[in-house]
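S.K.: Coordinates for the following, if possible.
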Amino acid sequence: MDWQPDEQGLQQVLQLLKDSQSPNTATQRIVQDKLKQLNQFPDFNNYLIFVLTRLKSEDEPTRSLSGLILKNNVKAHYQSFPPPVADFIKQECLNNIGDASSLIRATIGILITTIASKGELQMWPELLPQLCNLLNSEDYNTCEGAFGALQKICEDSSELLDSDALNRPLNIMIPKFLQFFKHCSPKIRSHAIACVNQFIMDRAQALMDNIDTFIEHLFALAVDDDPEVRKNVCRALVMLLEVRIDRLIPHMHSIIQYMLQRTQDHDENVALEACEFWLTLAEQPICKEVLASHLVQLIPILVNGMKYSEIDIILLKGDVEEDEAVPDSEQDIKPRFHKSRTVTLPHEAERPDGSEDAEDDDDDDALSDWNLRKCSAAALDVLANVFREELLPHLLPLLKGLLFHPEWVVKESGILVLGAIAEGCMQGMVPYLPELIPHLIQCLSDKKALVRSIACWTLSRYAHWVVSQPPDMHLKPLMTELLKRILDGNKRVQEAACSAFATLEEEACTELVPYLSYILDTLVFAFGKYQHKNLLILYDAIGTLADSVGHHLNQPEYIQKLMPPLIQKWNELKDEDKDLFPLLECLSSVATALQSGFLPYCEPVYQRCVTLVQKTLAQAMMYTQHPEQYEAPDKDFMIVALDLLSGLAEGLGGHVEQLVARSNIMTLLFQCMQDSMPEVRQSSFALLGDLTKACFIHVKPCIAEFMPILGTNLNPEFISVCNNATWAIGEICMQMGAEMQPYVQMVLNNLVEIINRPNTPKTLLENTGRLMSPSAIPAITIGRLGYVCPQEVAPMLQQFIRPWCTSLRNIRDNEEKDSAFRGICMMIGVNPGGVVQDFIFFCDAVASWVSPKDDLRDMFYKILHGFKDQVGEDNWQQFSEQFPPLLKERLAAFYGV
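M.R.: I've put the predicted structure just below:
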């Protein structure tokens, strides 16, 4: 006998479903409590499925809601449903998948895939065969409902479907789906393609076996009337381009022609899918070869796609010119993630490369969902990087018409185009910049806010060139106008100007020093003017300014302008407010720049950072002990606080000693260094290194406890943690001297292993934007260990001398390099045989010094001449024949060998 509801119970459930559609929050609360009570009764779920599948007299929203509440119950506690209830629900789903209402069919589909993804695909063996069987139904609703459910299962369980666990059902399903590509209903054709598309990226074997049929069927659907079908065809071709380009190459010319048409499809969703094709193609090695002859058609299409659509302008409130007084809603503010502190070393290259931020959002964050404009701009950006100057003949004739167009929407898109090609086509654009930059600077005062904001972004993309010219030519006018825009009446323009100004600061560095007073006046004025979201960006602009001008900021008049508003914000924010992140990052940069100028403000800032670390650690402890009672803490608070403490130690130097003396930071640091989260450890080791330099007297008593922890963190899997731990060990060596001896063996083998790793990933140097080999940090630390304990380290010389020399030859002369080379010279003194085989590398590393201190130069001189005397004149001649000419010259000039 089938399950039947009790009439009174059914009315109760229906009333609950009606109430839960009420907008009143008090009613909602009652509904939630009632749901909790009803969930105590196992057959409550029978009532829910009954309303969804059998109560056709009820309105569809109520029936669908019943199914969605059931879906949440399945998600939360399906495991505890009694078997008769679970069976009833499954049977009802399969019996009613062909409901006359598309909303109910979709709800049942969601319910089926939710049950399936609770590990039930194995426990529900009849599900897939029955759904596949229902596809053959003459009844449209049954076929569509079954396909809808299958599509959801394919999306949620694609890996499982292609595994042995289920006996590889795809071998039957994929050929079955392919038959439906020719179905008379567009909805069904669309489902069929969407199902197969789920298996392209994972290269499911069943699909690879049918790949040619699949591609043939796709081509047959290329000109389908239905936009959803065309969208799925485009999506399939984009994915195939990534995983089976070999199968597309024979047809590439026609596929490109097809995609050119679809990128202009009157349905924007189709156009967006098609536009992705150019982004994916740009990453393929064959891009240049297959696309070159089509650029003449493609470029105008992409440029045309970069205009705001009418709907964009409405969403962006493009007609609202002044909104600075309107407070931000909370969902406008994207969550911020703090990047932990990384220790870096200065490198040869002085100038920032700037390329790492090429993917900066060009603009319109409010439309952070991907759209045709963004996709077209991204495609033009990557293609500019592939084709470089060859793109310009197709673009320049268009640009002139766009940039001076009377309609603002067209002009705005021209400015976006100019920004998108900045990175790839920079060389070719240089001749036009003296004329274009002033025009763009003029656009900063356009009457349309969206034109002003895009002009900020595009100018920031050319900041490097602007800074390379005499300052009065472009830098001064650009800076003056950008500062006005920072105080614009429109929030979007304020945001774009602040971000652009931060980029300009990074490029211009100390060129900005003459204008500091004026810059600070503007930034401080913005403090009183900005709403919540832009305040966070303003902190960043101030922090970047401090990083860029460094100690030049340490003037009483500048400190007087800048610090009071920062400290006022600092006092307003509570300990649990996430706005502390950007403010702490900003203060960290300011403290490092101001050095002793920060002294009057350091005490409360220091105290609060220690409190934040302490609170987070305490919360983490409570969570570990009672996870059911306490929430896991947000460790970003602790990471940011540790980084600001590093900034204070670096900026204040020895002055930080009294603060450390009066706090329990060393105990806290001991805990942080053992945290499970790598970013916490990374920041802890940076702070340990900075405290070692600033006030070793407080670090020294902890060395015996700290060194084993440092040793275990020399694991290149976590490269930033490893680098910071390595750097801290090097700083400790310099303070400990010969007392380092008991700890050498704890760390030496790991360091030698790291320096010999062939593919140590590159780390980005924050201050130069250039890559440097991270083996430089282990090399410096090994050198420093050898400097303080040569007898212990020298026996291993032969195992690290070659990578040691190659990783330090590209580092600029500095203190770290000096101590490391002194160490290597002392180790060669102890174990000269260890360097013999790789002596040419040592010569090369010595020649990389521009101006070593006199006593270090003497050490080099003695080693070089000692080696020459040892081998004799003839052998030395033969040996030095292998030197590159430049190395020969330098060694002869500096050391007379």
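S.K.: Return the set of buried residues in stretch 704-716.
M.R.: 706, 707, 709, 710, 711, 713, 714, 716 (16 or more other Cβ atoms under 10 Å). Any C-beta I mention is one placed from the backbone N, CA and C, and that applies to glycine too.
S.K.: Please tell me how far stretch 538-554 is from the chain's geometric centre.
M.R.: 23 Å (Cα atoms, centre = their mean, to the nearest Å).
S.K.: Return the mean pLDDT over it, rounded to an integer.
M.R.: The pLDDT scores in stretch 538-554 average 95.
S.K.: Output it in CSV with nothing but the alpha carbons.
M.R.: C-alpha atoms of stretch 538-554 as CSV (Å, rounded to 0.1, in the frame of the first residue of the first chain):
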residue,chain,number,x,y,z
LEU,A,538,42.7,55.3,-0.3
TYR,A,539,44.6,53.4,2.4
ASP,A,540,46.3,51.5,-0.4
ALA,A,541,47.3,54.7,-2.2
ILE,A,542,48.8,56.1,1.0
GLY,A,543,50.7,52.9,1.7
THR,A,544,52.1,52.8,-1.8
LEU,A,545,53.1,56.4,-1.5
ALA,A,546,55.1,55.6,1.6
ASP,A,547,56.7,52.5,-0.1
SER,A,548,57.6,54.7,-3.1
VAL,A,549,59.2,57.7,-1.4
GLY,A,550,60.5,56.0,1.7
HIS,A,551,62.4,58.1,4.2
HIS,A,552,61.6,61.3,2.3
LEU,A,553,58.2,61.2,4.0
ASN,A,554,59.9,61.6,7.4
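S.K.: Okay, buried residues for it please.
M.R.: Using 16+ other Cβ under 10 Å as the test for burial, stretch 538-554 gives 538-550, 552-554.
S.K.: one step back: so which of the buried residues of stretch 704-716 belong to helices?
M.R.: 706, 707, 709, 710, 711 (DSSP state H).
S.K.: mind giving me TSV with those residues and columns for distance to residue 175 and pLDDT?
M.R.: Shown next, in TSV, are those (distance: Cβ to Cβ, whole Å; pLDDT from 0 to 100):
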residue	distance to residue 175	pLDDT
706	63	97
707	64	97
709	58	97
710	59	97
711	58	96
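S.K.: how about JSON lines for these, with distance to residue 514 added?
M.R.: Conversion of these to JSON lines gives the following (distance: Cβ to Cβ, whole Å):
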{"residue": "706", "distance to residue 514": "45"}
{"residue": "707", "distance to residue 514": "48"}
{"residue": "709", "distance to residue 514": "47"}
{"residue": "710", "distance to residue 514": "44"}
{"residue": "711", "distance to residue 514": "49"}
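S.K.: Name the single longest helix found in this protein.
M.R.: The chain, longest helix under DSSP H: helix 599-625.
S.K.: quick one: low-confidence ranges for the stretch 101-250 of the chain?
M.R.: Within the stretch 101-250 of the chain, the ranges that satisfy pLDDT under 70 run 119-120.
S.K.: all helices for it, in order.
M.R.: Using DSSP state H, counting those that start in this stretch, the helices found in the stretch 101-250 of the chain span residues 102-115, 127-134, 140-156, 158-161, 170-179, 186-197, 205-209, 211-220, 227-243, 245-248.
S.K.: Now tabulate those in a markdown table and tack on mean neighbour count and distance to residue 668.
M.R.: Compiled in a markdown table, these are given as follows (neighbours: other Cβ atoms under 10 Å; distance: least, Cβ to Cβ, whole Å):
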| stretch | mean neighbour count | distance to residue 668 |
| --- | --- | --- |
| helix 102-115 | 22 | 45 |
| helix 127-134 | 17 | 54 |
| helix 140-156 | 22 | 44 |
| helix 158-161 | 18 | 43 |
| helix 170-179 | 19 | 54 |
| helix 186-197 | 23 | 51 |
| helix 205-209 | 17 | 54 |
| helix 211-220 | 16 | 58 |
| helix 227-243 | 21 | 48 |
| helix 245-248 | 14 | 54 |
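S.K.: Figure out which of those helices is closest to residue 819.
M.R.: Checking those against residue 819 by Cβ to Cβ gives helix 227-243 as the closest, at 48.9 Å.
S.K.: Now do the buried residues in stretch 804-822.
M.R.: So stretch 804-822, judged by 16+ other Cβ under 10 Å, has buried residues 804-813, 816-822.
S.K.: Next step: the residues you listed restricted to helices.
M.R.: Of the positions in the buried residues of stretch 804-822, 804, 805, 806, 807, 808, 816, 817, 818, 819, 820, 821, 822 sit in helices, assigned by DSSP H.
S.K.: so what's residue 377 up against?
M.R.: 306, 362, 416, 417, 420 (Cβ atoms under 8 Å, 6 or more residues apart in numbering).
S.K.: most neighbours, which of those?
M.R.: Neighbour counts for these (other Cβ atoms under 10 Å) peak at residue 420, which has 28 neighbours.
S.K.: Which secondary structure elements does the longest helix of the chain sit against?
M.R.: helix 556-572, helix 580-594, helix 636-652, helix 657-661, helix 665-672 (3 or more Cβ pairs under 8 Å, 6 or more residues apart in numbering; DSSP states H and E).
S.K.: The same query, at a cut-off of 7 Å, please.
M.R.: When contacts are defined as 3 or more Cβ pairs under 7 Å, 6 or more residues apart in numbering; DSSP states H and E, helix 599-625 packs onto helix 636-652, helix 657-661, helix 665-672.
S.K.: Helices of the stretch 401-550 of the chain, residue ranges please.
M.R.: Under DSSP H, counting those that start in this stretch, the stretch 401-550 of the chain gives helices at 408-420, 426-429, 433-443, 449-461, 463-468, 475-486, 491-508, 516-529, 532-549.
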